[in-house]
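One predicted model, sequence on top.
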There are 4 protein chains.
Amino acid sequence: MTETLAQIVAAVGKDVADAHRGAGKVADYIPALARVDPNRFGLAVITCEGETAEFGDSWMPFSIQSISKVFTLTMALERLGEDLWVRVGREPSGSRFNSIVQLEAEKGVPRNPFINAGAIVVTDAVLACRTPEDALADIRDTIRRLADNDTIDVDKEVAASEAATGFRNYSLANFMRGFDNLKAPVEDVLQTYFHQCSLRITCRQLARAGLFLANEGVDPLNATRIVSPEHARRINAIMMTCGHYDASGEFAFQVGLPGKSGVGGGILTVVPGVGAVAVWSPGLNDVGNSQVGTLVLERLASRMGWSVF
Amino acid sequence: MTETLAQIVAAVGKDVADAHRGAGKVADYIPALARVDPNRFGLAVITCEGETAEFGDSWMPFSIQSISKVFTLTMALERLGEDLWVRVGREPSGSRFNSIVQLEAEKGVPRNPFINAGAIVVTDAVLACRTPEDALADIRDTIRRLADNDTIDVDKEVAASEAATGFRNYSLANFMRGFDNLKAPVEDVLQTYFHQCSLRITCRQLARAGLFLANEGVDPLNATRIVSPEHARRINAIMMTCGHYDASGEFAFQVGLPGKSGVGGGILTVVPGVGAVAVWSPGLNDVGNSQVGTLVLERLASRMGWSVF
Amino acid sequence: MTETLAQIVAAVGKDVADAHRGAGKVADYIPALARVDPNRFGLAVITCEGETAEFGDSWMPFSIQSISKVFTLTMALERLGEDLWVRVGREPSGSRFNSIVQLEAEKGVPRNPFINAGAIVVTDAVLACRTPEDALADIRDTIRRLADNDTIDVDKEVAASEAATGFRNYSLANFMRGFDNLKAPVEDVLQTYFHQCSLRITCRQLARAGLFLANEGVDPLNATRIVSPEHARRINAIMMTCGHYDASGEFAFQVGLPGKSGVGGGILTVVPGVGAVAVWSPGLNDVGNSQVGTLVLERLASRMGWSVF
Amino acid sequence: MTETLAQIVAAVGKDVADAHRGAGKVADYIPALARVDPNRFGLAVITCEGETAEFGDSWMPFSIQSISKVFTLTMALERLGEDLWVRVGREPSGSRFNSIVQLEAEKGVPRNPFINAGAIVVTDAVLACRTPEDALADIRDTIRRLADNDTIDVDKEVAASEAATGFRNYSLANFMRGFDNLKAPVEDVLQTYFHQCSLRITCRQLARAGLFLANEGVDPLNATRIVSPEHARRINAIMMTCGHYDASGEFAFQVGLPGKSGVGGGILTVVPGVGAVAVWSPGLNDVGNSQVGTLVLERLASRMGWSVF
């Protein structure tokens, strides 16, 4: 008798939790992130047919951080279409070290929408001529709608800490502003950006919110088209080549699925044609991705035969 | 009535040929490549069931160039297994400009097996303690076996020209030798490398040779296991993230399939679970990939619904 | 009969003015600089014995810009002594392109006090715990005292324009703030910095203000010690190796004297043991130094036999 | 009664020897250099009037290494004049890390004649169309003539070791050859270069050989013009801005004199108008310059009041 999805999720989750729970190093550049219990570990899967399976702390909200970039990219692509690519590239960035060099060499056009510089440009595109409050409400509401959950909201303490310590992001934003690649004032763009990164979400909500990417741009559970099939595939392509900072090649190599990680310890992964997976474990590896999260995704993808390759 | 594969290949091939044949700029750094007729255009598809479809000059040999790196990577992975990754990374390299910076910053370990530095290390791994002649015969015979064709051979004029003008490769090889990341003498490694790049192959042969990568490492037409399923998936992952120099993200974005291009104008593309495609058109775009080849793959993948995303 | 200094200054000034007046490209990133008449050309020499010689518009104020960095460095060295070198280096920076890379590689410590990043750190050191107004008054009064002229003041239009367009400096300052290498708030440091660069000064005043550097740190005309002999020599050494952006080697090579240029078109040059020279011609060469100014200094140094080499 | 030069040299030499002899780390990348006794310490001064003063092992030959670059630059300047500067720049290179990046960005033209890439171009210019043997004999004879000593010769063991381990130099040379900035075959240029660096010379001979640079290009002891006054000043200028790798600014700052160091532990320093100094102590500091040598020069320059600033 074949195992059910729920059985496999439970088994993989338990194995990894028993052996590795708490591994890695929790992000500590702001107090609210540093306080998170490193032993938290959640996993949620949802398929295009609506089947779900969860393990551990899949019900507990964590800081979405860079995973929010997937949703602002979705919004900016719908707003600007192909014009977006004049302002941000879609190539992997190579090592972290090179990012600001490339930004200079390429005249303020970031390599892709998932490095910080690129995500700041995307947020500027989402901002349009609105106030940061309006733009943030739009981002939050978009994620609420995709996640089918109205409780998702910003952690204001995290947002304030991000702003107070975000000198590197201020540096990048001013650098790009000097190349005329930001339209709104730096402060407006960054306030929106810091708040979008401070949204709190659960694994269950996150997997649900990403499900449209596994189904050619249509939310399979309510038949709503979110983006065109082409845009959905392209967002997935960028997640595959650029979703994990300087370890994007490694994730493609080990897991073989499009994904996006955040320093809060979450990872959203898309299984094209099948479903979406969200995992959360706060300890990060050397390159800033959830250590236990990467491991559980590798195991789960292998058990389920989910590699796109 | 649905169209057959042959009909779609013929239609897409004809459309692109009519509108774009001869576009791009033929590589001219050595005479033998510069002499190639820019209007040549071949396309060949082969499926895991053995169905084939071809268009144009699919029967005509061209210079394999960097596409040979897929096959030497296959050989080196079988020889060294995971130990290979101590000597070469698997991350995209960012812009071409950064390659030698990263090689210095990362102490002679190239970012991936498909940039020149990485491919030279891979060739050194294939060389083992053999003579360049023996290693080259092994590479050639491996490709012959995979392509099921014994006529594939080196173009000695091309190989001699590569060696005579390959100062950049001599520079890279000596640089890595200085970090002890080449085991054989520089001259032996580069002679093997220049000759492997000078193999002549047709689209038909190339698609056939890459078919095992679409079938989890087993040649589907003779049931021979070439590499483990895991290795096949990983080679595909590296083709996806690193297969097209500084335009790998672009290819993933536009085509959505693992592929590897060469400056001879060829591109090998894998459709996991379905088959392999080889295209050849000598004119290159700005970043050194076949301009018409990329376009025809984009159209064909779209028509066939072949994106992995 | 040997020519007097005045005769040589007049002859060299006239020769260069006749042949080259108006050459180069006036800085145009802010309106107040762009409006300057490109044909203006002033030259002033003052010796340690108090002999003076002038040519052309030596009486007309221009924007001091980066030449102000010599005076803030003098102030910071007196305040912090050798401790300053923990926060800023004293090596040439190589090409302009590398500055931000090095800032990253060297953890927010700029290469020298004359690149913008380094000058911002120096201004932060001068600022200490004071308000920008107090610090600016101190800088202005120091230069007034050295120039023996109480009319030197800030051009508020220039300062406002610098602030409104200074995104690159905001980027650098935030970058260093992220490495904890600025103590005061970014806005305070930059307001001080933009104002110090907007001081207006004449050639006559500038040569007078730099005279102490030609006399081992003592103002020879009033016997006041400004800095120790050692500090004077070190400021000169940094002017020699780092005073002209990416053309510091060129200036050492052609002129053979310590100097510091500004994008307002001024250059201050020190002739150790002999005197100081200030020249002003608004047109800049490719690397941002006064084109005519460099030429006249080369001729004058050659005629006077003033090279330190 | 004022101290004589001999008394000051003896006093400074003894003070430094007593406190610091043997400090630093001897170069160990080749056996012949690694074997040198770290406690060796020589110092020789010669003035334009022919006064000499020595301390310690000033009579003992050591490996000239990069100091030879001063003499090949002299030869190349005489051969090519200003045309040399098309093939090599005269700007400091910034950090060591940037050298190969700049070489790429600046299309194979090295930043200055004293970084390895630049010195290899200079040797190629000296080589002209001659055999390496003839060119080397010319270099050796030039140095013999300048040093007024016919025993100066190549250490063949050192030269062979340099060639056997010089992968980085082979890399640089091939890189520049790819940009057509070497005229002779790579092997010929490098054999000449490795042999010139392997010349053995004493402090006494080295100071004598550099004396023409202190006297506007004329050897003051035999009234022979070696180079034009302009060339002499320019060589000094390049020694000042580029003579000590990534610590050129530091040397200008601490010592205030043009100088050139080598990994053999020697430093040649020019005191314009006064004389030349050579020091040798094999232990190197972090940036590859003689640690004790730098210290003794700083002390001696300070005691003698020899800074050009």
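Yep, that arrived. Numbers count the residues shown, from 1 in each chain, chains lettered A, B, ... in the order given.

Closest residue of chain A to chain B?
Closest contact between chain A and chain B, by CB to the nearest CB, is at A:G94 (2.1 Å). Glycine gets a C-beta too; all of them are placed from N, C-alpha and C.

The closest residue in space to A:A10 that isn't next to it in sequence: which element?
Closest residue to A:A10 apart from its sequence neighbours, by CB to CB, 6 or more residues apart in numbering or on different chains: A:F55 at 5.8 Å. Using DSSP states H and E, A:F55 sits in strand A:52-56.

Direction included, what does that strand pair against?
The strands beside strand A:52-56 in its sheet (DSSP bridges) come out as strand A:42-47 (antiparallel).

on that earlier part again, quick one: distance of the strand holding A:F55 to the chain centre.
19 Å (CA atoms, centre = their mean, to the nearest Å).

what does stretch A:50-60 give?
18 Å.

Same check on stretch A:23-36?
Taking mean C-alpha positions (CA atoms, centre = their mean), stretch A:23-36 and its chain are 18 Å apart.

quick one, strands of the stretch 201-309 of chain A?
Ranges of strands in the stretch 201-309 of chain A, per DSSP state E, counting those that start in this stretch, are A:218-219, A:224-225, A:259-261, A:266-271, A:275-280, A:283-284.

Likewise for the stretch 1-150 of chain A?
Going by DSSP E, counting those that start in this stretch, the stretch 1-150 of chain A shows strands at A:25-26, A:42-47, A:52-56, A:62-63.

okay, the ones you listed, which one's buried deepest?
strand A:62-63 (a mean of 28; mean count of other CB atoms under 10 Å in any protein chain shown).

Tell me which residues are up against that one.
A:32-33, A:36, A:40, A:42, A:155, A:158, A:197-202, A:262, A:264-266, A:280, A:282 (CB atoms under 8 Å, 6 or more residues apart in numbering or on different chains).

Surely the residue nearest to A:A10 and A:A11 touch.
No - checked against CB atoms under 8 Å, the pair A:F55 and A:A11 is beyond contact range at 9.2 Å.

quick one, what contacts the residue positioned nearest the centre of chain A?
For chain A, the residue nearest the mean C-alpha position is A:I67 (1.6 Å; CA atoms, centre = their mean). Shown here is A:I67, whose contacts under the criterion CB under 8 Å, 6+ apart are A:201, A:206, A:260-262, A:264, A:266-268.

Spatially, what comes nearest to it if we skip its sequence neighbours?
A:I67 sits nearest to A:G262 (CB to CB, 6+ apart), 4.3 Å away.

Show the contacting residues for the one you found.
A:63-68, A:197.

can you rerun that using 6 Å?
A:64-67 (CB atoms under 6 Å, 6 or more residues apart in numbering or on different chains).

Outline the domain layout of chain A.
What automatic domain parsing lists as the domains of chain A is A:5-62+A:201-304, A:66-197.

export these to TSV and tack on distance to D:L73?
Formatted as TSV, these follow (distance: least, CB to CB, whole Å):
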stretch	distance to D:L73
domain A:5-62+A:201-304	42
domain A:66-197	31
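
For those domains, give me JSON lines that also has mean pLDDT and distance to B:L127.
As requested, the domains of chain A are exported to JSON lines (pLDDT from 0 to 100; distance: least, CB to CB, whole Å):
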{"stretch": "domain A:5-62+A:201-304", "mean pLDDT": "96", "distance to B:L127": "24"}
{"stretch": "domain A:66-197", "mean pLDDT": "94", "distance to B:L127": "28"}
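
wait, which of these is closest to B:C48?
domain A:5-62+A:201-304 (18.2 Å; CB to CB).

distance between the ends of that closest one?
This stretch, domain A:5-62+A:201-304, spans 8 Å end to end (CA to CA, to the nearest Å).

and if you look at stretch A:204-220?
End to end - CA to CA - stretch A:204-220 spans 16 Å.

same deal with stretch A:29-37?
First-to-last distance for stretch A:29-37 - CA to CA - comes to 15 Å.

how far away is the residue of the stretch 151-300 of chain A found nearest chain D from B:P92?
Using CB to the nearest CB, A:D246 is the residue of the stretch 151-300 of chain A that sits closest to chain D, at 18.5 Å. Per CB to CB, to the nearest Å, A:D246 is found 9 Å from B:P92.

that older thread, bridged to the residue nearest to A:A10, which residues?
A:L43.

separation between the residue of chain A closest to chain B and A:W85?
For A:G94 relative to A:W85 (CB to CB), the value is 19 Å.

Those two: which has the busier surroundings?
A:G94 (24 against 16; other CB atoms under 10 Å in any protein chain shown).

show me where the stretch 51-200 of chain A has helices.
A:68-80, A:84-87, A:99-105, A:116-127, A:132-147, A:156-165, A:167-178, A:186-197 (DSSP state H, counting those that start in this stretch).

before we move on, the earlier item: top of the contacts of A:I67 by neighbour count?
A:L206 (33 neighbours).

Surely A:L221 is in contact with A:E51?
No - using CB atoms under 6 Å, A:L221 makes no contact with A:E51, being 10.7 Å away.

first to last residue in stretch A:46-57, what's the distance?
16 Å.

Can you give me the first-to-last residue distance of stretch A:173-188?
11 Å.

Could you list the buried residues of that stretch?
A:173-178, A:181-182, A:184, A:186, A:188 (16 or more other CB atoms under 10 Å in any protein chain shown).

Give me the contacts around it.
Contacts for stretch A:173-188 (CB under 6 Å, 6+ apart): A:87, A:107-108, A:120, A:124, A:127, A:132, A:189-190, C:167-168, C:170-171.

do stretch A:207-221 as well
A:44, A:46, A:48, A:50, A:143, A:146-148, A:225-229, A:232, A:236, A:268, A:270-272, A:275-278.

buried stuff in it?
Those buried within stretch A:207-221 under the rule 16+ other CB under 10 Å are A:207-221.

just checking, which of those residues belong to helices?
Cross-referencing the buried residues of stretch A:207-221 against helices under DSSP state H gives A:207-210.

The residue in the stretch 1-150 of chain A positioned nearest to chain C: how many residues sit nearby?
Closest approach between the stretch 1-150 of chain A and chain C, counting by CB to the nearest CB: A:V101, at 5.1 Å. A count of nearby residues for A:V101, using other CB under 10 Å, gives 22.

What parts of chain A come near chain B?
By the rule CB under 6 Å from any CB of the partner chain, the part of chain A lying against chain B is A:90-95, A:98, A:102, A:233-234, A:236-237, A:241, A:249, A:252-253, A:256, A:272, A:307-309.

Buried only: go through the contacts of stretch A:173-188 for me.
Looks like the contacts of stretch A:173-188 have A:87, A:108, A:120, A:124, A:127, A:132, A:189-190, C:167-168, C:170-171 buried, using 16+ other CB under 10 Å.

List just the nearest of those to C:A19.
Using CB to CB, the buried ones among the contacts of stretch A:173-188 come closest to C:A19 at C:R168, 35.0 Å.

For the closest one, give its distance to A:L172.
12 Å.

cool, A:I30 as well?
18 Å.

between those two, who's got more neighbours?
Under the criterion of other CB under 10 Å, the comparison of A:I30 against A:L172 puts A:L172 first, with 29 against 21.

May I have the residues that are in contact with the spatially closest residue to that one that is not a sequence neighbour?
Distance criterion CB to CB, 6+ apart; nearest residue to A:L172, sequence neighbours excluded, is A:A117 at 4.7 Å. Listed by CB under 6 Å, 6+ apart, the contact set of A:A117 reads A:103, A:110, A:172.

returning to what we had before: and the domains of chain A: which comes nearest C:A17?
Using CB to CB, the domains of chain A put domain A:66-197 closest to C:A17, at 35.9 Å.

centre of the chain versus the closest one, how much separation?
Distance, centroid of domain A:66-197 to centroid of chain: 12 Å (CA atoms, centre = their mean).

and that domain, how far apart are its ends?
Separation of the first and last residues of domain A:66-197 by CA to CA is 6 Å.

ok, A:L268 to A:R225 distance?
For A:L268 relative to A:R225 (CB to CB), the value is 20 Å.

A:G89 now?
27 Å.

tally of neighbours for the nearest residue to A:V158 once chain neighbours are set aside?
Spatial nearest neighbour of A:V158, chain neighbours left out: A:S198 (4.0 Å); criterion: CB to CB, 6+ apart. Neighbour count of A:S198, defined by other CB under 10 Å: 26.
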